[in-house]
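J.: Pasting the sequence and the predicted model now:
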Amino acid sequence: MLNGEVGEHEKRVIRKQVDRILRDLGNPEPPLRLTDVRALLHLDLQYYSSSNPALVKELTHRFRLLARKSIPDLGKRLLSALTKSKLCAFWVPESSRILLDTEVPKPKHRWIEAHEITHSVTPWHRHFLLGDNHHTLDPACHAILEAEANYGAGRLLFLQDRFVEEARDVPLSFASIKTLAKRYENSIVSTFWRFVEDRASELPAFGIISIHPHHPDVGHHDGPHPWRYYIRSSAFRTRYHTVSPDDLYQAIAQYASHRKTGPVFSATHVLRNAVGDAFEFQVESFSTKHDLLTFGVQTAPFAESIAVPR
Ligand SMILES: [Zn+2]
């Protein structure tokens with residue numbers, strides 16, 4: 001996964017936009033209804049099928065009508081957006097429209113929709129996306145815009161700090177993650193992500209989303225590694241930057257039981273931090289059938305046995 005960093009200034013601007021949306025909706029209780037957000041922003045949602053080339057032609061025609069002005073190479077750009085860059089959704093500023101690929105599995109729609117909504121309210125995105133600007137072609141710049149849209153999606157779907165405040169009151173467990181995913185109507189994966197990263201940033205915690213070592217169809221993905229996402233609380237990021245996701249996946253492979261769904265293992269694992277001190281982590285792994293989710297939280301200093309010379 002390309003990991004663009006979101007700058008502090010950009011975060012503030014995006015949070016302000018999300019604040020405005022939530023305020024205009026009367027600070028709703030979870031779950032946030034995206035139909036309300038789209039209605040507020042006058043955004044239209046439409047589905048397309050990337051496996052149906054006739055649709056691209058049809059879409060090009062409709063965009064031209066909606067935009068009421070000429071957009072050079074619109075057909076070409078739409079086609080390349082749909083095929084080459086393997087987009088699963090995009091936002092078309094010219095027609096205030098979000099397009100979502102019907103091939104994308106349903107549980108991912110909500111996140112993608114919120115991501116596209118963020119593009120639409122982030123002032124500088126309008127100039128870059130599907131525009132003539134050559135920046136669109138720069139992958140580093142694209143990664144930053146994508147990271148910004150994902151940041152905004154998280155802020156929106158988890159109602160700014162509301163989720164973290166609620167997550168603090170419940171134990172770090174898969175049962176809590178499932179309960180909160182249901183309450184906010186967000187996917188298990190996105191809830192897991194927020195839970196590990198933000199629940200207690202001062203406590204070293206990591207999360208790994210990976211394939212199941214004994215059932216490679218669980219968590220199967222296109223990436224080069226068995227793990228797909230590596231999530232860290234800020235304390236883990238600073239104190240354990242010497243720990244790699246490959247090390248952690250090796251530990252997962254070592255502990256994993258053959259259970260295909262539900263709890264896969266629970267173990268105490270020792271990790272050494274950047275200055276060489278050893279700490280125990282409580283590590284738990286859970287399979288959703290689609291992904292293997294593993295988290296670890298630092299619990300206690302590890303009492304190392306001292307070799308006494310005879
Ligand atoms: Zn995007």
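T.: That came through fine. Numbers count the residues shown, from 1 in each chain.

J.: Only C-alpha atoms from now on, for both contacts and neighbour counts.
T.: Fine.

J.: Name the SS class of residue 217, please.
T.: Three states are possible here, and by DSSP: H, G, I helix; E, B strand; the rest coil the one that applies to residue 217 is coil.

J.: Hmm, residue 226 and it touching each other?
T.: No - at 11.2 Å, residue 217 and residue 226 do not qualify as touching, with contact defined as C-alpha atoms under 8 Å.

J.: can you give me the strands in the stretch 201-310 of the chain?
T.: Secondary structure of the stretch 201-310 of the chain (DSSP state E, counting those that start in this stretch): strands located at 205-210, 227-232, 262-272, 278-287, 292-301.

J.: In its sheet, which strands sit next to the second one, and in what direction?
T.: Sheet pairing of strand 227-232 (DSSP bridges) gives strand 205-210 (antiparallel).

J.: Quick check: mean pLDDT of the partner strand?
T.: Per-residue pLDDT over strand 205-210 has a mean of 96.

J.: Which one of residue 217 and residue 226 is surrounded by more residues?
T.: Of the pair residue 217 and residue 226, residue 226 is the one with more neighbours under other C-alpha atoms under 10 Å, namely 20 against 14.

J.: Could you pull up the contacting residues of the more buried one?
T.: Applying C-alpha atoms under 8 Å, 6 or more residues apart in numbering, we find residue 226 in contact with 210, 211, 249.

J.: where does this protein have low pLDDT?
T.: Applying pLDDT under 70 to the predicted model, the residue ranges of the chain that meet it are 1-4, 50-72, 74-87, 127-141, 305-310.

J.: Tell me where it has helices.
T.: Here the chain has its helices, by DSSP state H, at 8-24, 34-41, 53-67, 74-82, 106-121, 139-157, 162-168, 174-184, 188-198, 234-239, 245-255.

J.: re the thing from before, mean neighbour count, the strands of the stretch 201-310 of the chain: which tops it?
T.: strand 205-210 (a mean of 26; mean count of other C-alpha atoms under 10 Å).

J.: Run the angle between that strand and strand 278-287 for me.
T.: The directions of strand 205-210 and strand 278-287 differ by 40 degrees, with axes from the mean of the first three to the mean of the last three C-alpha atoms, to 10 degrees as the criterion.
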